[in-house]
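Engineer: Sequence isn't available, so here's the structure alone:
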């Protein structure tokens with residue numbers, strides 16, 4: 001079964017509303033099935049910027065609540081005040097992939113036991129140039145970056161750290177991201193990065 005098919009089966013088996021990261025997904029009444037997506041903190045809000053165009057999600061995901069560029073798509077800082085309405089199932093999947101790239105696929109593969117997990121050591125060994133040094137990071141330096149980035153800012157479960165994911169965890173991290181590698185290098189150089 002395709003990842004999107006597994007997700008559709010999960011939606012049918014799980015009572016709404018559904019929460020994925022900072023997104024709240026609710027079904028609309030009628031046929032064919034339609035969905036609404038908004039920031040979970042806007043659950044009861046009526047005065048929102050409404051769009052029926054799934055690609056409008058690109059606007060909402062680009063900047064954080066303070067107007068800064070979001071370089072970490074799993075970070076818990078989405079801006080509020082919008083809603084995507086009248087989405088069919090395919091449009092819902094597109095919206096989720098815009099907000100959280102590969103979330104549905106990673107979730108389906110993980111719960112099917114087929115998501116490849118790449119350890120920090122494997123990722124560090126592939127680094128070249130100025131990032132080659134991260135292969136020599138101490139466990140304490142790696143743990144510091146995990147605390148500063150993964151646990152403090154990112155909503156994804158770092159599977160590469162052997163952390164366990166619940167069945168409802170859709171935001172999974174099977175491998176360290178580029179930002180993690182960059183912050184690890186900064187940590188080794190004694191630089192602090194938010």
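Structural biologist: Okay, I see it. Only a predicted model underlies this, so the values are computations on that prediction, with no experimental measurement involved. Numbers count the residues shown, from 1 in each chain.

Engineer: helix/strand/coil for the closest residue to residue 177 other than its chain neighbours?
Structural biologist: Distances taken as CB to CB, 6 or more residues apart in numbering place residue 72 nearest to residue 177, at 7.5 Å, with adjacent residues excluded. To be clear about C-beta, it is placed using only N, CA and C from the backbone, and glycine gets the same treatment. Recorded secondary structure, residue 72: coil (DSSP: H, G, I helix; E, B strand; the rest coil).

Engineer: what's the burial count for residue 72?
Structural biologist: By other CB atoms under 10 Å, the residues close to residue 72 number 17.

Engineer: do the same with residue 150
Structural biologist: With other CB under 10 Å as criterion, residue 150 counts 23.

Engineer: now residue 190: how far from residue 91?
Structural biologist: Remark: distance between residue 190 and residue 91 (CB to CB, to the nearest Å) = 47 Å.

Engineer: In terms of neighbours, single out the busier of those two.
Structural biologist: Taking other CB under 10 Å, residue 190 and residue 91 do not tie; residue 91 has more neighbours (19 against 6).

Engineer: give me the element the closest residue to residue 53 other than its chain neighbours is part of.
Structural biologist: Closest residue to residue 53 apart from its sequence neighbours, by CB to CB, 6+ apart: residue 84 at 7.8 Å. Residue 84 is part of strand 82-87, with elements assigned from DSSP states H and E.

Engineer: Give me the buried positions along stretch 114-131.
Structural biologist: Burial within stretch 114-131, assessed by neighbour count using 16 or more other CB atoms under 10 Å, is assigned to 115, 120, 123, 124.

Engineer: Contacts for the one helix or strand the last one maps to, please.
Structural biologist: In this case it means residue 124. Secondary structure from DSSP H and E places residue 124 in helix 120-125. Helix 120-125 is contacted from outside by 134, 135, 137, 142, 160, 161, 175, 176, 181, 184, using CB atoms under 8 Å, 6 or more residues apart in numbering.
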